[in-house]
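In: Give me the fold of what follows.
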Amino acid sequence: MKIEIWSDVMCPFCYIGKRKFEKALDQFPQKDKIQVEWKSFQLNPQMKTEPGKSINEYLAEVKGWTPDYAQQMNDHVTGLAREVGLEYNMDKAVVANSFDAHRFVQFAKTKGLGDAVEEQLFKAYFTDGKDTSNLATLVELGGEIGLDAEELKKVLEGTRFSDEVRKDIYEAQQVGARGVPFFVLDRKYAVSGAQQPETFLGALEQSFGEWQKANPEPLVTFAEGDTCTTDGECN
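Out: Sure, this is the predicted structure:
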């Protein structure tokens, strides 16, 4: 059964939601029958990459907050991240447009490394304070998960996988995603936000139960002997 997850690199709740979902999936007995696909979403497509600007300054500008209030919000999110074992260093976060990072994700998906690249990007942004729009940084991250550096570099120097990113963003609108993280299970059920593992587990059980009924496993034949068939043949 497929589960699609729309997220953005710069979304703090997406990383937290990833950990909570993973905890639920670890408790799910049929987890080996679950296929997870990460999908692209941009919270601010017009964002300009500004390495010299702090995340508090950025939030103050786009949300109309005071820098002090932005700091309070980031401290709160940092605490929530800590509860699931994540280290957020928001003072190091680089304000960066995420479009090329999403092209990077789309390329990694073709190599079966979608989950690995999401983990790398989240850690790079929230923990390590790396510029996730920088080509050299993305190539380095790709190499760390086993992608061919030269192939990745050629992809990022051009425009490949741009259409795939835009398609995901369009699909997000079609399935009702107005924010991220947004989890869609078997294109029938949706879970919005970084919910508790218990919520994810309940959604997994409900959707998988229905999926399993619609996709029964064939019986396995352990041995064959003399039989008669519907066309009258016996042997």
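
In: who does the residue nearest the centre of the chain bridge with?
Out: Centroid-nearest residue in the chain: Trp38, 4.0 Å away (criterion: Cα atoms, centre = their mean). Trp38 has these beta-bridge partners by DSSP bridges: Ile5.

In: Spit out the contact partners of it.
Out: Residues near Trp38 by Cβ atoms under 8 Å, 6 or more residues apart in numbering: Glu4, Ile5, Ser7, Val105, Lys109, Gly114, Asp115, Val117, Glu118. Backbone N, C-alpha and C define where each C-beta goes, glycine included.

In: roughly how far out does the host helix or strand of Gly202 sit from the chain middle?
Out: Per DSSP states H and E, Gly202 falls inside helix 197-214. Taking Cα atoms, centre = their mean, to the nearest Å, one finds the center of helix 197-214 at 19 Å from the center of the full chain.

In: neighbours around Gly79, how many?
Out: Look at Gly79: counted by other Cβ atoms under 10 Å, it has 10 neighbours.

In: can you list the weak-confidence ranges in the chain?
Out: The model of the chain has pLDDT under 70 over residues 219-232, 234-235.

In: how close does the spatially closest residue to Leu141 that is not a sequence neighbour get to Arg103?
Out: In space, and not counting its chain neighbours, Leu141 is closest to Gln120: 4.7 Å by Cβ to Cβ, 6 or more residues apart in numbering. Relative to Arg103, Gln120 is positioned 14 Å away (Cβ to Cβ, to the nearest Å).

In: go on, Phe183?
Out: On the measure of Cβ to Cβ, Phe183 and Arg103 end up 22 Å apart.

In: got it, and Lys111?
Out: In terms of Cβ to Cβ, Lys111 sits 14 Å off from Arg103.
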